[in-house]
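K.L.:
turn this into a model:
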Amino acid sequence: MSTARRGADAFLFQVMLGLCTVWGLQQAAIKAAAPDMVPLMQAMARSGIAALLVGLVMGWRGDWKRVRGTLPAGLLTGALFALEFLFIALGLQYTLASHISLFLYTAPIFSALGLHWLLPSERLLPVQWLGVAVCFGGIAVAFSGGLTLAHMDRRMLLGDAVGILSGAAWGATTVAVRASRLSEAPPTLTLFYQLAVATVTLLGLAWVSGQLDRVTLTPLSVGSVLFQGVVVSFASYLIWFSLMRRYLASHMAVLSFMTPLFGVTFGVVLLDEPLSLNFVAGAVLVLLGITLVNAGPWIRRLLPGAAQPGDTRP
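P.N.:
Below you'll find the predicted structure:
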């Protein structure tokens, strides 16, 4: 992989705009198809489809030769990936898809905090600590709209909390990758571990919870799973990895946070979800906080001998 990566340009912005649109649509697709196929089964099916496709690509590229010594870390990251999608599935049962789309993307906050304690090169800068504070302040503001005695508001509050846990699980996955031998492995191998372990884990959870038979094959449910498995988890991630070979990761990370904006928009437009003033104000603060945290690599690049943070998927 070349070390001379470019900064953001018009081509990167256009491709990232398309990718963020696809990623932002994912939560709305899951929510829309939930009456026909429960979110847990959708997550299991999409992981299985994508794992098969990624495995075939690995065989074509010869990435299977790099498996040795990565199994423990692969199992850990796969378990965390499964936990992330378990929380997404649970959260969508109680709250809005637009809320999950926002809270899932708090992941960089949690990964930045974890890497701060594990890797000396990832110590948070003052501006990043400010971003952490602003983000959590935004979460508090967004949550305050559900602090009433109404039953639906309490359910939404629970779903929002689970959405935060999905972001924390994603952040923990990034930390596990960066602190293990997977940091030097092909991205496709890391992605395969996540998808394969998640498929088995989520299938087991669906069986234990009695959700295996809560599936009705309709055009909407089949289309949602194929969209998530083929377009999102396979094609869009391969495009992301291809871009990472050409562009600075920090620039791509900043552009990727158009995704929550699309996620909220699709929830409102396609699912007719309401937007409260509290949530809008909180969302603005959360995105501002995430932007400040992601400004760290830009600043750190000016410092000698500093590395950039990375991730295995957007």
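
K.L.:
packing partners of the worst-scoring helix or strand of the chain on mean pLDDT?
P.N.:
Every helix and strand in the chain was compared by mean pLDDT, DSSP states H and E; the lowest is helix 249-256, with a mean of 72. Secondary-structure packing of helix 249-256 (3 or more C-beta pairs under 8 Å, 6 or more residues apart in numbering; DSSP states H and E): helix 10-33, helix 237-244, helix 277-300. For the C-beta atoms, the positions are set from N, CA and C on the backbone; glycine is no exception.

K.L.:
just the buried positions in stretch 185-204, please.
P.N.:
Within stretch 185-204, the residues that count as buried by 16 or more other C-beta atoms under 10 Å are 185-199, 201-203.

K.L.:
same check, this time on stretch 217-234
P.N.:
Judged by neighbour count using 16+ other C-beta under 10 Å, the buried positions of stretch 217-234 are 220-221, 224-225, 227-229, 231-234.

K.L.:
contacts for that stretch, please.
P.N.:
Taking contacts as C-beta atoms under 8 Å, 6 or more residues apart in numbering, the residues outside stretch 217-234 that touch it are 22-23, 25-26, 29-30, 32-33, 36-37, 42, 45-50, 53-54, 195, 215.

K.L.:
again, only this time at 7 Å
P.N.:
Stretch 217-234 is contacted from outside by 22-23, 26, 29-30, 32-33, 36-37, 42, 45-47, 49-50, 53-54, 195, using C-beta atoms under 7 Å, 6 or more residues apart in numbering.

K.L.:
and the end-to-end length of that stretch?
P.N.:
Using C-alpha to C-alpha, to the nearest Å, one end of stretch 217-234 lies 22 Å from the other.

K.L.:
go on, stretch 90-106?
P.N.:
Stretch 90-106 end-to-end distance (C-alpha to C-alpha) = 17 Å.

K.L.:
show me where pLDDT drops low in the stretch 51-200 of the chain?
P.N.:
145-153 (pLDDT under 70).

K.L.:
now do the helices in it.
P.N.:
For the stretch 51-200 of the chain, helices defined by DSSP state H, counting those that start in this stretch occupy the ranges 71-92, 97-104, 107-118, 126-144, 151-178, 187-208.

K.L.:
any idea which of those helices is most buried?
P.N.:
Ranked by mean neighbour count, the helices of the stretch 51-200 of the chain are led by helix 97-104 with a mean of 29 (mean count of other C-beta atoms under 10 Å).

K.L.:
gap between residue 154 and residue 235?
P.N.:
From residue 154 across to residue 235, the span is 39 Å (C-beta to C-beta, to the nearest Å).

K.L.:
repeat for residue 285
P.N.:
For residue 285 relative to residue 235 (C-beta to C-beta), the value is 33 Å.

K.L.:
please identify which of the two sits among more neighbours.
P.N.:
residue 285 (19 against 15; other C-beta atoms under 10 Å).

K.L.:
quick check, that one in contact with residue 134.
P.N.:
Yes - Residue 285 lies in contact with residue 134 (C-beta atoms under 7 Å); the separation is 5.6 Å.

K.L.:
where's residue 122 relative to residue 33, distance?
P.N.:
For residue 122, the distance to residue 33 - C-beta to C-beta - is 38 Å.
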